[in-house]
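Participant: Need a 3D model of the following:
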Amino acid sequence: MVWLHGITNVKNNLFIYQQFMKLTVIVENHVSKSGLGAEHGLSFIIESNGKKMMFDTGQSKLYARNAKALGYDIAAIDALVISHGHYDHVGGLPHFIENNNQAPVYLKKEALWPKFHDERYIGVKQTINAFNPRFKHVENMLEVIDNVFIVTNIDAYFPDDSHKKGFFVKENNSIVADNFADELFLVLKTENAISIVSSCSHNGITNIVETARKTFNLPVYAVIGGFHIKNDTSSNVDKMINYFNLVGVRSVFTGHCTGIEKFVQFQTNFKGQTFYLETGTKLDL
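Facilitator: Modelled structure (predicted):
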């Protein structure tokens with residue numbers, strides 16, 4: 001496990017310690033600690049002021065086994081947020097609903113629509129009841145637990161940063177190109193800075209970061225999650241890194257759909273700190 005203590009931005013580029021929130025990686029593609037599992041998927045638990053929320057569920061029941069090993073009771077989670085409707089993020093949703101009988105599930109309505117990668121079905125399990133009253137469709141920014149905000153609208157400040165090729169959705173009985181209207185992300189806010197938690201960043205991590213910066217008007221301490229750049233060109237990734245450097249992002253914690261080679265590119269050229277996520281990573285923010 002990795003414990004990294006939160007740092008907030010102050011004048012003259014000085015930084016002070018402030019423990020505020022905790023993020024634990026419940027599911028990731030990689031693991032090195034015995035007693036935990038890995039799969040192609042993503043799931044985080046975020047703690048703030050005594051409340052615990054989950055962000056995505058990975059692709060199976062593995063999230064629950066890992067959570068128990070890391071000291072979390074799934075039945076006691078206060079809220080679940082779904083980033084978008086792909087199997088590697090919502091596969092554990094039926095199990096969560098069965099084993100937690102009280103937490104609301106926040107998602108955009110489009111996350112429940114049938115989704116495909118080329119011809120392969122990659123959406124939510126078809127046994128899911130889309131009309132479950134615990135599903136709370138969010139259209140506007142919402143503070144889900146103290147100082148943890150769901151941001152639902154991602155503006156296309158950088159149109160070239162987009163990762164949607166080959167993805168489709170069934171809409172009004174027609175299969176059309178997926179514009180990822182279902183994608184949302186989280187912002188963790190302190191007095192002096194924000195940290196951004198994404199999942200796959202199909203709408204582009206630079207667009208996500210810039211949307212958060214414009215919305216909160218605070219410097220960015222950390223960007224956490226997958227960037228979906230595994231198959232991107234090196235020049236496109238350099239543009240992302242240059243943007244991160246330009247706006248003063250301090251730390252990057254990435255994995256899942258970022259890819260090892262692109263992580264190394266970040267690690268080499270990003271001016272801040274770069275860390276690779278794995279199952280069991282713990283962050284203080």
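Participant: Would you map the helices across the stretch 101-250 of the chain?
Facilitator: Ranges of helices in the stretch 101-250 of the chain, per DSSP state H, counting those that start in this stretch, are 205-216, 234-247.
Participant: in its sheet, what does the helix or strand just after the longest one sit against?
Facilitator: Spelled out, that is helix 234-247. Using DSSP states H and E, the helix or strand that follows helix 234-247 in sequence is strand 251-254. The pairing partners recorded for strand 251-254 under DSSP bridges are strand 220-225 (parallel), strand 273-276 (parallel).
Participant: I'd like the mean pLDDT over the shortest one, please.
Facilitator: It refers to strand 273-276. The average pLDDT for strand 273-276 rounds to 96.
Participant: Can you list the buried residues in that strand?
Facilitator: If you call a residue buried by 16 or more other CB atoms under 10 Å, then strand 273-276 has these buried ones: 274, 275, 276. All C-beta spots, glycine's among them, are computed from the backbone N, C-alpha and C.
Participant: and the helix or strand hosting residue 96, what does it pack onto?
Facilitator: Here residue 96, judged by DSSP H and E, is contained in helix 93-99. Secondary-structure packing of helix 93-99 (3 or more CB pairs under 8 Å, 6 or more residues apart in numbering; DSSP states H and E): helix 62-69, strand 105-107.
Participant: tell me the most buried of these?
Facilitator: Among the helices and strands packed on helix 93-99, strand 105-107 has the highest mean neighbour count (mean count of other CB atoms under 10 Å), at a mean of 23.
Participant: which residues of the stretch 51-200 of the chain fall in strands?
Facilitator: Ranges of strands within the stretch 51-200 of the chain are 51-55, 79-81, 105-107, 115-117, 120-121, 135-137, 142-145, 148-151, 167-171, 174-177, 185-189, 194-197, based on DSSP state E, counting those that start in this stretch.
Participant: With distance to residue 219 and mean pLDDT added, can I get those strands in JSON lines?
Facilitator: Output for the strands of the stretch 51-200 of the chain, formatted as JSON lines (distance: least, CB to CB, whole Å; pLDDT from 0 to 100):
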{"stretch": "strand 51-55", "distance to residue 219": "22", "mean pLDDT": "98"}
{"stretch": "strand 79-81", "distance to residue 219": "24", "mean pLDDT": "98"}
{"stretch": "strand 105-107", "distance to residue 219": "26", "mean pLDDT": "98"}
{"stretch": "strand 115-117", "distance to residue 219": "35", "mean pLDDT": "97"}
{"stretch": "strand 120-121", "distance to residue 219": "41", "mean pLDDT": "96"}
{"stretch": "strand 135-137", "distance to residue 219": "31", "mean pLDDT": "97"}
{"stretch": "strand 142-145", "distance to residue 219": "20", "mean pLDDT": "98"}
{"stretch": "strand 148-151", "distance to residue 219": "16", "mean pLDDT": "98"}
{"stretch": "strand 167-171", "distance to residue 219": "33", "mean pLDDT": "96"}
{"stretch": "strand 174-177", "distance to residue 219": "35", "mean pLDDT": "96"}
{"stretch": "strand 185-189", "distance to residue 219": "12", "mean pLDDT": "98"}
{"stretch": "strand 194-197", "distance to residue 219": "8", "mean pLDDT": "98"}
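Participant: Thanks again, I'm all set now.
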